[in-house]
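S.K.: Mind looking at a prediction? Sequence and model below.
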Amino acid sequence: MKNIVKILLSAFVFVAGTCVFAFPDVASDHWAASQIKELSEQGVIVGYPDGTFQPDENVTRAEFASMAIKALGQQHAQVVQPVKFTDITEDYWAYDAIQKALYFDLVSCPEEGQPFRPEDSVSRAESISVAVNSLTTEQISPQKAKEVLSRYKDADKVPEWFLIPAGKAEILNMIVTLPSANKDIDAERPATRAEVAAILYNMMEQAKLNPNAKLAEAMRKKTGEGYIIAGATVQGSVGTIPAGAVIPVELTNYISSQSSKPGEMYVARAAQNYVTRDKFILISKGANLKGQLSDVRAGKWFVRNGVLVLDNSLVTTVNDQTVPFNASGEIKKDRNWFMKFVRATLKGEKLNVPAAGIVKMTVLKPIKVDLTNGWIIEE
């Protein structure tokens, strides 16, 4: 029996060790396995429909731009003045990602009307340059770059445009080389998917410490004055509005227990920022909230006091993002003890909220927000 248990345990350990990674064609001892696993878990890279990753396949320039923007967490950034290309239109699948890569200075902006070549394979030089461009780095001379790159056999073949970025990448230990290679930079060779994963991982880690100026501003948690939400928490760049939190909303239309009907829709807005105690903005002023009146009963003498309950279902942020926002609010009037007694015994209280009136809503489900850009994280 003991031997059987040992065999079963050994088999379990073996299976657990070989199934750590989501892709069947990426073994646990693959040189880029940990980077591939990390980026796939974060949604930066994805596999193919058949479930494989195909680590030795190439990556297009469009695919790499999309991956880089996701790796830096800027997929929701706004670009005001897009650049026009002869081979990309606004309906191209990676149009937005390419525009963001240009805005954040990850790639050099070609002259207006030039092609981007989105379907060309991204080279190792191009991918490493993007990683370096995402950072604030010390300037180095061409001579210094040649000096630090001298350990590579093909250092003298590095294209002139890539010399400085390659030197900076070497100083930052960001040049990815295959374990079996003879320490070649292979600047102009198309980068494989495994190499891209390793390069993007290095970029992510370095950008947390020294992002370039535009990224630093975009990655900064936005602050401001506003209504402090009790119990709101912050972890890294993510803020959470907890279930049970109370928020004030400003109605845009009149509602009444005497004239409104159950199921009637209402629209409200955030009249001020909703912020954490440290003044990080969770929901910006001007966000629209929508829902319906779930319970409406008219106040009648000697029968009952009026009932007016609002169920909120959606929020549209200032980023034009519309997502579920579950909250509920019951209209009640503040009364002194005498009026409370009167209303409790005689009944008949009428409830109404004018347009621009404030209703306090209780959040029913936690809301997570990216504090750098106000984007609500859907789970």
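M.R.: Received the coordinates, thanks. Residues are numbered from 1 along each chain as shown.

S.K.: going forward, measure contacts and count neighbours with C-alpha atoms only.
M.R.: Noted.

S.K.: ok, W93 - contacts?
M.R.: By CA atoms under 8 Å, 6 or more residues apart in numbering, the contact set of W93 is empty.

S.K.: Next one: it relative to V46, how far apart?
M.R.: 16 Å (CA to CA, to the nearest Å).

S.K.: before we move on, what about N326?
M.R.: 31 Å.

S.K.: Settle it for me: which of these two has more neighbours?
M.R.: Between N326 and V46, N326 has the larger neighbour count (other CA atoms under 10 Å), namely 21 against 16.

S.K.: what about the more buried one, which helix or strand?
M.R.: strand 322-330 (DSSP states H and E).

S.K.: what bits of this protein have low per-residue confidence?
M.R.: 1-21, 110-113, 181-182, 302-303, 334-348 (pLDDT under 70).

S.K.: And it, split by domain according to the record?
M.R.: 2-219, 227-377 (automatic domain parsing).

S.K.: how far is the last one from where the chain is centred?
M.R.: So that's domain 227-377. Here domain 227-377 is found 26 Å from its chain centre; the criterion is CA atoms, centre = their mean, to the nearest Å.

S.K.: And the longest one, by the same measure?
M.R.: In terms of CA atoms, centre = their mean, the gap separating the centre of domain 2-219 from the centre of its chain is 18 Å.

S.K.: mind checking the SS state of S34?
M.R.: With DSSP: H, G, I helix; E, B strand; the rest coil as the basis, S34 sits in helix.

S.K.: what's the answer for the one 4 residues further on, then?
M.R.: Secondary structure, three-state DSSP: E38 is helix.

S.K.: Relative to A169, how far out is it?
M.R.: For E38, the distance to A169 - CA to CA - is 21 Å.

S.K.: same check, this time on P324
M.R.: According to CA to CA, P324 and A169 sit 43 Å apart.

S.K.: P118 too?
M.R.: Taking CA to CA, one finds P118 at 24 Å from A169.

S.K.: Which one of the two is surrounded by more residues?
M.R.: A169 (24 against 19).

S.K.: In a helix, the more buried one, correct?
M.R.: Yes - with three-state DSSP as the criterion, A169 is part of a helix.

S.K.: Nearest residue to it in space, ignoring adjacent ones along the chain?
M.R.: Excluding the flanking residues, the one nearest A169 by CA to CA, 6 or more residues apart in numbering is I175, at 5.7 Å.

S.K.: contacting residues around that neighbour?
M.R.: With the criterion set at CA under 8 Å, 6+ apart, I175 makes contact with I128, A166, A169, I185, I199.

S.K.: That one: helix or strand, and which one exactly?
M.R.: I175 belongs to no helix or strand when elements are defined using DSSP H and E.

S.K.: Use 613 as the first number for this chain going forward.
M.R.: New numbering, starting at 613: the last item is I787.

S.K.: can you tell me how far N785 sits from A809?
M.R.: 15 Å.

S.K.: Who has more neighbours out of those two?
M.R.: Of the pair N785 and A809, A809 is the one with more neighbours under other CA under 10 Å, namely 29 against 10.

S.K.: residues contacting that one?
M.R.: The contact partners of A809, taken as CA under 8 Å, 6+ apart, are A644, Q647, I648, L651, I657.

S.K.: try A842
M.R.: The contact partners of A842, taken as CA under 8 Å, 6+ apart, are A857, V858, T888, R889.

S.K.: Which two among these are spaced furthest apart?
M.R.: With CA to CA as the measure, no two of these lie farther apart than V858 and R889, at 14.2 Å.

S.K.: Quick check on those two: which one has the bigger neighbour count.
M.R.: Set V858 next to R889 and count neighbours by other CA under 10 Å: V858 wins out with 21 against 17.

S.K.: and the residue lying closest to the more buried one once chain neighbours are set aside, what does it touch?
M.R.: Take V858 and drop its neighbours on the chain: the residue closest to it by CA to CA, 6+ apart is T974, 4.5 Å away. Contact analysis of T974 by CA under 8 Å, 6+ apart lists A855, G856, A857, V858, I859, A939, S940, G941.

S.K.: which of these lies closest to I979?
M.R.: If you rank those by distance to I979 using CA to CA, A855 comes first, at 7.9 Å.

S.K.: re the thing from before, reformat the contacts of I787 as JSON lines; add secondary structure and distance to L894.
M.R.: JSON lines is the format used below for these (DSSP: H, G, I helix; E, B strand; the rest coil; distance: CA to CA, whole Å):
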{"residue": "I740", "secondary structure": "helix", "distance to L894": "35"}
{"residue": "A778", "secondary structure": "helix", "distance to L894": "40"}
{"residue": "A781", "secondary structure": "helix", "distance to L894": "36"}
{"residue": "I797", "secondary structure": "coil", "distance to L894": "45"}
{"residue": "I811", "secondary structure": "helix", "distance to L894": "32"}
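
S.K.: center of the protein - which residue?
M.R.: The geometric centre of the chain, computed from its C-alpha atoms, lies nearest to G685 (CA atoms, centre = their mean), at 5.3 Å.

S.K.: Quick check: phi and psi on that residue?
M.R.: G685 has phi and psi values of phi 70, psi 30 when expressed as degrees, to the nearest 10.

S.K.: now swap in V850 and tell me
M.R.: When read as degrees, to the nearest 10, the backbone of V850 gives phi -110, psi 130.

S.K.: what's the nearest residue to it if we skip its chain neighbours?
M.R.: Leaving aside its sequence neighbours, V850 sits nearest to D982 (CA to CA, 6+ apart; 4.8 Å).

S.K.: show me the contacts for the one you found.
M.R.: Listed by CA under 8 Å, 6+ apart, the contact partners of D982 are S849, V850, G851, L894, I988, I989.

S.K.: ok, and the most crowded of those residues?
M.R.: L894 (33 neighbours).

S.K.: That one sits in which helix or strand?
M.R.: Per DSSP H and E: L894 is located in strand 893-895.
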